[in-house]
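> attaching a predicted model along with its sequence, questions to come.
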Amino acid sequence: MNAAATELALGLRPAGLIAACAFAFLGGCGGGGDAAPPPDLSGVWAGAWQGNDPSAGGLGLVSGTWEVEITQGASSASGPGELLGDVDCMDGQMQTDPGAQNAVTGMLARAPCATVNWMLTALNLSEGSASGSWSNSGTGGSGTLSGARIARLGGPRIRFVHPPGAKPGAIVTVSGHTLSNLSPDALLFNVTPQPLVLSANATRIVAHVPAGATSGSVRVNTSPGNALSPRSFSTDVSAPPLTLGNSTTAGIAPSAVAVSPDGRKLYIVDRGNRSVRMVRASSLVDLFSVTPTSGVPRSVVASPDGRRIYVAAALRGVLIMDAANLFEYGTISLPSINDEERDNPQGLAVSPDGTLLLVSDGAEMGSVSLLQLSSQSVLRTFPFNAGIAPLGVAFSPDGTRVYVAAAALDGTAGTLEVFNAETGAVIDSEPVGVLPTAVAVTPDGSLVHVTNKMDGTVSIYNADDASLAVVATVTVEASPTGIAISPDGQRAYVANRGSNSVSAYNATTGAAVTHLPLGDGADPVAVAINPQGTTAYVSKVTTNARVVEVGGMRTLTIARAGSGIGTVRSNPPGIDCGTQCQAQFPFGSVISLTTTAASGSFFSHWTGTGCGSQITLTVGMDCVAVFNSIAPPPSQSAPPSGCFIATAAYGSPLAEQVVTLRRFRDERLLRFAAGREFVRLYYRHSPPLADYIRERDALRATVRWGLWPLVFAIKHPGLAVASALAMLLLVLGWRRARGTR
C-alpha cells in the first residue's frame with residue numbers, strides 16, 4: 001500500500017488527525033529515537049545570547065553575540081569560543097563530553113572570569129540551528145542562547161563584515177579565511193548576489209553592496225564550500241535626527257569617543273584625568289574606567305571585529321586594550337605622539353579589514369605611522385615638513401588610500417594629503433582651510449570631508465577624480481573639529497568647539513546646513529555615530545564635560561527564552577534577532593514585532609511590561625519572546641530516563657512497539673500542523689501520566705493492550721485496512737439481516 005493509502009486508512013485528514021494523534025502519541029517517548037552516536041556539532045557556530053545579570057554591577061538584562069569553532073572527536077567536542085556584548089571576558093574554550101551525558105551540555109571556560117555552562121534545549125542539524133540555556137556561576141546570571149552553523153571546518157569562514165551596515169552602493173569588506181577560489185555568484189547580501197568584486201584574496205573580499213540588497217546574512221560561496229557572516233548585515237541604516245538625548249556622567253575633559261561595531265558600547269578617552277572609559281550605550285552607564293600607567297590618552301578607535309580598542313597616548317604610543325574589560329594587552333611604542341594640546345580627536349584610524357592602524361603624532365614636523373597590528377610593528381611612515389602637524393587620519397572604505405589632514409602651524413592654509421596605503425606613494429595634495437583637523441570619507445568612498453577649525457568651514461573633495469576636485473566648501477559654525485558621516489551616506493555631522501553646537505548638512509552636496517545648540521557651554525570636539533545611524537555621540541571637553549547623545553532615540557532590547565528556536569523582526573526595521581537583538585527607534589515609534597518559530601518549535605508568548613506584537617516606544621524597553629520546542633531536549637547519547645507513556649508501558653525506549661510509534665510520529669504526524677500542535681501538547685502534559693503508569697503493573701498491561709491495535713495498524717497498514725473493511729462489511733451485513741426480520 002502506498003503512503004497516500006496508508007494516511008487515508010489511518011484517518012490522517014484534517015478532520016480526523018487529532019483522533020489519530022491521540023492514539024498514536026500514547027506511544028511517544030521523550031528520547032526521540034534509538035540510542036545513537038552523538039550529534040555532529042563540528043563546524044563554526046554563531047548566534048545571540050541574552051538573560052539577566054544580578055551581580056553587583058546591576059546590569060539587569062544582558063545580551064550579546066557568541067561564536068565557537070567546534071572540533072568533534074569520538075568522545076569529546078571542543079574549540080575556541082568568544083562572547084561579545086555585555087561580558088567581562090570574551091575569549092574562552094568550549095568543552096563538551098558527548099559520551100557522558102544524556103543532554104547536549106557543556107561549558108565555556110573564560111579564565112580569569114567565571115565559566116559559562118550551557119545546555120541545548122533544541123537542535124536541528126538538518127537546518128543547522130540550535131537553542132538552549134546558559135548560566136554563569138560567578139555572577140549568578142542566566143538566560144538563553146540560539147545560533148546556527150555558519151561554516152564547516154576546513155572551508156571558508158567569515159569573521160566579520162565592515163561596516164556592519166550600509167546602503168546599496170557603499171563599499172564593504174568581508175574578512176575571514178579561505179575566501180579565495182570564488183564560485184559564480186560568490187558573494188550574496190542576504191539573497192542578492194554581487195557578481196562584481198573590487199578585490200579578493202584568501203582573507204578578504206571588497207565589494208559594493210548590490211542594488212536591491214536587504215538586511216540579512218552575507219554569504220560567500222567558494223569551491224571548497226560556503227560560509228555565512230556571524231552577524232546579520234543591515235541595509236536599514238539611517239542618520240541621527242538633530243535632537244538632544246541623554247548624557248553620560250561628567251568627566252574632566254573627554255576628548256574623543258568611539259562606538260563598538262555592535263553599537264552597544266562607547267569608548268571615551270579623557271585627557272583631563274588620563275582615563276579610558278567604557279559606557280553602555282543603551283543607558284549611558286559606566287561599565288569600566290581605567291587609568292594607564294603612563295601617557296595621556298588623546299584619541300580612540302574600535303577594531304571592526306569588536307575585540308579590541310586602540311588608544312593613542314601622548315609621549316607613549318598606542319595602547320592595545322580588550323574591548324570587553326579594558327585590559328591592557330600591550331603598547332606599540334611611539335613616543336613621538338605629542339600634539340602639544342592641539343585637539344586631535346581623530347588621530348587614529350583602523351583599516352576596514354582590521355589589520356592596519358594609522359596613527360598621527362600631531363607634532364610639528366611630525367609623521368603618520370602605518371602599523372601592522374599582527375606584529376605590532378611600523379610598516380612605514382608618512383613624514384611632514386617643518387611647521388606642519390599631521391592631525392586627523394582616515395582610510396578609504398576599500399583600504400587602498402590614506403587621507404591625512406596636514407595643519408600649517410603658522411596660521412596659513414593646510415592641505416589634504418593622499419597616500420597609497422600599500423606603497424606609501426603620494427597620490428595627491430590639495431589645499432584646504434586653516435588648521436584642518438579631522439577627516440571623514442563617505443561610505444561609497446567617493447567624497448572626502450575635512451574640517452577647517454580656524455575657518456569655520458568643511459572642505460569636500462571628489463575622491464573619484466584623479467586630482468580630488470573640490471565639490472563644495474560648507475560654512476558651519478565656529479571652530480569645527482570632529483566630523484562623522486552617517487552610515488546611510490546622507491548627512492555629515494560636525495562638532496563646533498567654538499559655538500557649542502553640532503552642525504549637519506547633506507554629505508553629497510554640502511547643502512541644507514542646520515545647527516543644534518548643545519547648551520551649558522561645553523566645547524564639543526569629537527563626534528561618532530553608531531553603526532545603525534540612529535544616534536551620534538558628542539564629547540564636550542570643558543564646562544559640564546561629558547558625552548551627549550544626538551538623536552533623542554529610545555532603545556528596544558529583545559531577548560528570547562524557552563526551549564525552542566525562533567526569530568524576532570521589527571517593522572520599522574532594526575531588530576533582527578537572530579543576532580541584532582537591540583536597536584534604537586525615535587521616541588513614540590509604533591513598532592510591530594513578528595515572531596517566526598523554526599521547525600520543531602512554536603512561539604508561546606511575550607513577557608515584559610507593555611510587550612507584545614505591537615509596542616509604542618516612549619521609554620527604553622526590554623521584551624522577551626518565549627519559543628518552546630515541540631520535542632524534549634536533544635539526546636547526545638542514550639535516550640533520557642524520563643520517557644513517556646509507551647516507554648512506561650513497555651518498560652524500555654528500545655522496545656519494538658515504542659520504536660514503531662516513534663517512527664510514526666516523526667514520519668507522519670510531524671508533517672501536519674495539527675499533528676505538530678498535538679505533539680507540543682503531548683510533551684507538555686504526558687510526563688506525569690507516564691510516571692503514574694510506570695509504577696503500576698496492571699495499568700501498564702492495560703495500556704499495552706490498548707496500544708496493540710494501533711501498533712499493528714502502523715506496522716501492517718494493508719492488513720489493518722482489510723480488517724477494518726471486513727469489520728465494516730460484517731456490521732453492515734448484520735444490520736441488514738436485522739432489518740429484514
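Good, I have the coordinates. Small disclaimer: the values here were computed from a predicted structure and weren't measured.
> can you list the domain ranges for the chain.
3-34+638-727, 43-150, 157-223, 244-551, 555-629 (automatic domain parsing).
> reformat those as TSV; add mean pLDDT.
Shown next, in TSV, are the domains of the chain (pLDDT from 0 to 100):
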stretch	mean pLDDT
domain 3-34+638-727	59
domain 43-150	84
domain 157-223	95
domain 244-551	94
domain 555-629	88
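> could I get those as TSV with distance to Ser232 and mean neighbour count?
(C-beta placed from N, C-alpha, C; glycine too.) Output for the domains of the chain, formatted as TSV (distance: least, C-beta to C-beta, whole Å; neighbours: other C-beta atoms under 10 Å):
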stretch	distance to Ser232	mean neighbour count
domain 3-34+638-727	27	17
domain 43-150	10	19
domain 157-223	6	19
domain 244-551	11	21
domain 555-629	5	19
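> ok, and the closest non-adjacent residue to Ser78?
Closest residue in space to Ser78, ignoring its immediate chain neighbours: Gln95 at 4.7 Å, by C-beta to C-beta, 6 or more residues apart in numbering.
> for the one you found, list the residues it contacts.
76-78, 106-107, 109 (C-beta atoms under 8 Å, 6 or more residues apart in numbering).
> re earlier: wait, which of the domains of the chain is closest to Ser234?
domain 157-223 (3.5 Å; C-beta to C-beta).
> end to end, how far does the closest one reach?
Taking C-alpha to C-alpha, to the nearest Å, the first and last residues of domain 157-223 lie 13 Å apart.
> and that domain, how far out from the chain middle?
17 Å (C-alpha atoms, centre = their mean, to the nearest Å).
> do the same with stretch 427-444
Taking C-alpha atoms, centre = their mean, one finds the center of stretch 427-444 at 33 Å from the center of the full chain.
> run through the strands of the stretch 351-500 of the chain in chain order.
356-360, 367-372, 377-383, 388-395, 401-408, 413-420, 426-434, 436-441, 447-452, 457-462, 470-475, 480-485, 491-496 (DSSP state E, counting those that start in this stretch).
> let me have the ones you listed in TSV, adding distance to Asp523 as columns.
As requested, these are arranged in TSV below (distance: least, C-beta to C-beta, whole Å):
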stretch	distance to Asp523
strand 356-360	21
strand 367-372	26
strand 377-383	30
strand 388-395	17
strand 401-408	19
strand 413-420	21
strand 426-434	19
strand 436-441	14
strand 447-452	15
strand 457-462	18
strand 470-475	20
strand 480-485	9
strand 491-496	9
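> let me see the contact set for Asp353.
Asp353 makes contact with 162, 173, 175, 203-204, 304, 399, according to C-beta under 8 Å, 6+ apart.
> can you redo the residues you listed as CSV with distance to Ser503 and secondary structure?
CSV is the format used below for the contacts of Asp353 (distance: C-beta to C-beta, whole Å; DSSP: H, G, I helix; E, B strand; the rest coil):
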residue, distance to Ser503, secondary structure
His162, 27, strand
Thr173, 30, strand
Ser175, 34, strand
Thr203, 39, coil
Arg204, 35, strand
Pro304, 28, coil
Gly399, 29, coil
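> make TSV out of those and add distance to Val513.
As requested, the contacts of Asp353 are exported to TSV (distance: C-beta to C-beta, whole Å):
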residue	distance to Val513
His162	30
Thr173	32
Ser175	36
Thr203	41
Arg204	37
Pro304	31
Gly399	31
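> ok, those residues vs Gly366, which is closest?
The nearest member of the contacts of Asp353 to Gly366, counting by C-beta to C-beta, is Gly399 at 23.3 Å.
> which non-adjacent residue is nearest Ala214?
Not quite, residue 214 is Thr, not Ala. In this structure, Thr214 finds its nearest non-sequential neighbour in Asn190, 5.0 Å apart by C-beta to C-beta, 6+ apart.
> with Gly411 instead?
Val434 is the one closest to Gly411 (C-beta to C-beta, 6+ apart), at 6.3 Å.
> next, the contact list for the one you found, please.
In this structure, Val434 makes contact with 408, 411-414, 452-455, judged by C-beta under 8 Å, 6+ apart.
> which of the residues you listed sit farthest apart?
Among the contacts of Val434, Thr412 and Lys453 lie farthest apart (C-beta to C-beta), at 13.5 Å.
> is Gln458 in a bridge, and if so with what?
Quick fix: residue 458 is Val, not Gln. For Val458, the residues forming beta bridges with it (DSSP bridges) are Thr451, Val474.
> you'd agree it is up against Ile483?
Yes. Using C-beta atoms under 8 Å as the test, Val458 is close enough to Ile483 to be in contact (6.8 Å).
> overlap in contacts, the two.
What both Val458 and Ile483 touch, as defined by C-beta under 8 Å, 6+ apart, is the set 449-451, 492, 494.
> now those residues in TSV, with distance to Thr594?
Shown next, in TSV, are the shared contacts of Val458 and Ile483 (distance: C-beta to C-beta, whole Å):
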residue	distance to Thr594
His449	38
Val450	44
Thr451	42
Ala492	34
Val494	38
